[in-house]
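# Return a 3D structure for these sequence lines:
(2 chains)
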Number of protein chains: 2
Amino acid sequence: MAGDQAPLDRDEDAAARVALTWLAEPGNRAVWTMVQDIGAPATMKVLLAGRAQDASLRTGVQSRSAKGDARRLADAALRQAARLGARIVIPTDDEWPGGVDALATLEVPVPGRLNRDIRPPLCIWVRGPWPLGETLGQSVAVIGARAATGYGTHVTGEIAYGLADHEWTVVSGGAFGVDAAAHRAALAGGGRTVSVLACGVDRPYPSGNASLFEQIAETGLLISEWPPGSEPLRHRFLIRNRVIAAATRGTVIVEAAARSGAVQTMGRVLELHRKAMVVPGPVTSAMSVGCHELIRANPAVRLVTGLPQVLEEIGRIGDYTAERSRGPEHQRDHLDEESAVLLEAVPHRGAADPAELAAKAGLHLRTVLRRLSLLETLGLITRHPNGTVTLRPSRPQLAQEATT
Amino acid sequence: MAGDQAPLDRDEDAAARVALTWLAEPGNRAVWTMVQDIGAPATMKVLLAGRAQDASLRTGVQSRSAKGDARRLADAALRQAARLGARIVIPTDDEWPGGVDALATLEVPVPGRLNRDIRPPLCIWVRGPWPLGETLGQSVAVIGARAATGYGTHVTGEIAYGLADHEWTVVSGGAFGVDAAAHRAALAGGGRTVSVLACGVDRPYPSGNASLFEQIAETGLLISEWPPGSEPLRHRFLIRNRVIAAATRGTVIVEAAARSGAVQTMGRVLELHRKAMVVPGPVTSAMSVGCHELIRANPAVRLVTGLPQVLEEIGRIGDYTAERSRGPEHQRDHLDEESAVLLEAVPHRGAADPAELAAKAGLHLRTVLRRLSLLETLGLITRHPNGTVTLRPSRPQLAQEATT
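This next block holds a predicted model:
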């Protein structure tokens, strides 16, 4: 298994990733790890053969396969997307948004079914004219309550308009209330706005925002991990939220009821060391209860009262790449011990092959191959077509990649 | 000088303290330190003889003495107060509020005229039926903007009424807006309320609150450091604020404009390690700007959204005495080196006289006598009429004193 690391055909890789998203929810840890180890096509074969090691994954795949052929559904989705003007973006594409890869290192302290679905997307469906990675590279999420008050939509508008005016991309969901107000204000400000959906990009939910979604598809981006035709199932919003948290430099919550989805998103924002910003409101308003809870619960959550303080938190355009280029050093801190030992074994100059690395690090070859996948995903090494491995230490190179 | 430590006549002491408050603003560090060292009557003699070491104090006393005889004015004030039903409370009185003595240890990092006036009151004028110390022993300050909004007065009312209902004394200034709303709600809740004035208790300011002040004088307490007849001069509010901060277990700011008096009070609250609580509001309201600034500026400031969180911060009635009884250990950390050495020299059992302590600590007798005054003020030792000194380690005893 671990041996078939020959360069993949891009379209085969993409089709397999789409099929995998149909066989298991995006972010599934077992699937993502297998894809890192043996690639998407091989992972699909293992799953379809009923040989997944993870029992709940095996059951899930079996149940979904009974409803249709994953490969055929993936092909159909790709053809339908082409007709819609949608495209699929995968990690080897230039426009892949680097920020979401941080989900690879997320710790999962609390067990539970939904918490399994926290790994990076396998692929992202996109509708809209902008390169995805560049657009998300300088972005801020502005999210909050569906049942926003006049106060909430007003403050959302002020912040989102100002962000657009300062050339920041505004990211949000697609809900009524704060989300819709954020998109509208960003569009009014002549900026880019990205709606991250929990359903197919062909039929954005809720349909009451249809004209807004059309406008976003024309002048911003509609994106989703789920194939066209997918339903906005309830649990998918929680899975989707991790992408909003990871893909942006920071998240602003304007209004949120107690224990709302926005509060869950902020948990991810904090875990990912992104900027967590919350707008307070009247203590007499139920729509600010979640906001005040967040400020009280965690000193890393910053109270912000408007655009100037949001800009102060996220820094200037351009600072982000500088910060992102320090990312790998930070990510090293999160490596498991085997990966850390292996990374130490990679020579600072020149290349090494996996067998050499296995000998130098004192690890099994199989372990080395698994860990190299992780290190590559984290942008710490490069694996070349001839099988050799080199370090990726260069900061300018990383900074450049972070903005493409 | 240092020798005249004979027990003072209470009325002579009180009259001298009143006169000193007329000769220099309450809280004046030079005056307070002299009173600790040589007593109030001797301090008054030194000042009136133009022999104060502190140059600005000497000038101030000279200028004020030109306007009238301090002793005569003090006698007149005491007679007038008796007619009003007001009384003077001094540190040796049972009803002296122990909380204000914490001002003895306040650091003054920023130089400046007003910052000199931070030491404990020399005396406190009181109108009203309750013992002062007991009333302030379980108290919370609720303060804020004069130009409070409907939101601010509503939230103030909810919190102050609830505090009264839970048998907490509500403390505030006397201003329109949040202060008046706090007093009214506490009175409506059947609780005790204390208005800390920056002018004489005979003519509380502003006169627009006259009927409220009359009601407070009947069922709560009007208190002031300034003698009857004193004007509410602008700088006196800043001096007054330190008493609100020190005498209460915590301070809640409901609404405050940027750089307002309430914000200055909260600085003192933090310096004194009291509970600092702030109610957020709409970011669109100028009356919440100071509140949000406070929450952003200092992690020790707690955002509170209503009575339950205020009660959670301040703890239950009764906890305070337990906490106060740990005070002396805490105060030891703030002692200067000479005082710390001297305190070490006091025997754990039995008494010692100053000469023995000087020999044991390796300090001059004069220094010992000065430092013993400070240690006594901090409640760490007792000086007996025969001149001997004993430790005051007993926690139950301290706890008892904290509630009298």
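# contacting residues for the residue in the stretch 151-300 of chain A that chain B sits nearest to?
Nearest to chain B, among the residues of the stretch 151-300 of chain A, is A:Pro280, at 3.5 Å (Cβ to the nearest Cβ). Every residue, glycine included, has its C-beta placed from N, CA and C. A:Pro280 makes contacts with A:288, A:291-292, A:295, A:303, A:305, B:280-281, B:283, B:288, B:292, B:295, B:303, as judged by Cβ atoms under 8 Å, 6 or more residues apart in numbering or on different chains.
# Also A:Arg371?
Going by Cβ under 8 Å, 6+ apart, A:Arg371 touches A:338-339, A:342, A:363.
# Return the closest of the residues you listed with respect to chain B.
A:Ser339 (35.1 Å).
# Can you tell me the element the nearest residue to that closest one once chain neighbours are set aside falls in?
Nearest residue to A:Ser339, sequence neighbours excluded (Cβ to Cβ, 6 or more residues apart in numbering or on different chains): A:Arg371, at 4.7 Å. Element membership for A:Arg371 (DSSP states H and E) is helix A:365-377.
# who wins for neighbours among the contacts of A:Pro280?
For the contacts of A:Pro280, the largest number of neighbours (other Cβ atoms under 10 Å in any protein chain shown) sits with A:Cys291, at 32 neighbours.
# Show me which pair in the contacts of A:Arg371 is furthest apart.
Pairwise distances across the contacts of A:Arg371 (Cβ to Cβ) peak at 9.8 Å, for the pair A:Ser339 and A:Leu363.
# between the two, who's got more neighbours?
Counted by other Cβ under 10 Å, A:Ser339 and A:Leu363 do not tie: A:Ser339 has more neighbours, with 23 against 20.
# does that one count as helix, strand or coil?
Counting by DSSP: H, G, I helix; E, B strand; the rest coil, the backbone at A:Ser339 sits in helix.
# where along the stretch 51-200 of chain A do the strands fall?
Remark: strands assigned in the stretch 51-200 of chain A by DSSP state E, counting those that start in this stretch are A:86-89, A:124-127, A:139-143, A:169-172, A:193-197.
# partners of the fourth one, with directions?
In the sheet, strand A:169-172 lines up against strand A:139-143 (parallel), strand A:193-197 (parallel) (DSSP bridges).
# domain assignment for chain A?
Here the domain assignment for chain A is A:1-84, A:124-317, A:323-402, based on automatic domain parsing.
# So which of the ones you listed is nearest B:Gly174?
B:Gly174 lies closest to domain A:124-317 among the domains of chain A, at 25.1 Å (Cβ to Cβ).
# Could you pull up the residues touching A:Thr265?
By Cβ under 8 Å, 6+ apart, the residues touching A:Thr265 are A:141, A:143, A:241-242, A:244-245, A:251, A:253.
# Quickly note the distance from it to A:Thr248.
Distance from A:Thr265 to A:Thr248, counting by Cβ to Cβ, to the nearest Å: 10 Å.
# hey, what's in contact with both of those two?
Common neighbours of A:Thr265 and A:Thr248, using Cβ under 8 Å, 6+ apart, are A:Ala141.
# hmm, back to that, now the helix holding A:Arg371, how far from the chain's geometric center?
21 Å (Cα atoms, centre = their mean, to the nearest Å).
# In it, which residues are buried?
A:367-377 (16 or more other Cβ atoms under 10 Å in any protein chain shown).
# need the residues of the stretch 301-404 of chain A near chain B, please.
With the criterion set to Cβ under 8 Å from any Cβ of the partner chain, the stretch 301-404 of chain A comes near chain B through A:302-303, A:305-306, A:309.
# Sort out for me which of those residues are in helices.
Judged by DSSP state H, helices contain the following of these: A:Gln309.
# nearest to B:Gly387, of the residues of the stretch 301-404 of chain A next to chain B?
Using Cβ to Cβ, A:Leu303 is the member of those that lies nearest B:Gly387, at 56.3 Å.
# Run through the bridge partners of the closest one.
Applying DSSP bridges to A:Leu303 yields these beta-bridge partners: A:Val278.
# my read: it touches B:Arg296, true?
Yes: at 5.4 Å, A:Leu303 and B:Arg296 qualify as touching, with contact defined as Cβ atoms under 8 Å.
# Would you mind putting the contacts of A:Arg371 into CSV with pLDDT and distance to A:Arg234 alongside?
Shown next, in CSV, are those (pLDDT from 0 to 100; distance: Cβ to Cβ, whole Å):
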residue, pLDDT, distance to A:Arg234
A:Glu338, 76, 38
A:Ser339, 78, 35
A:Leu342, 85, 40
A:Leu363, 83, 43
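# Can you give me the distance of the residue nearest to A:Ser339 to A:Ala358?
From A:Arg371 across to A:Ala358, the span is 10 Å (Cβ to Cβ).
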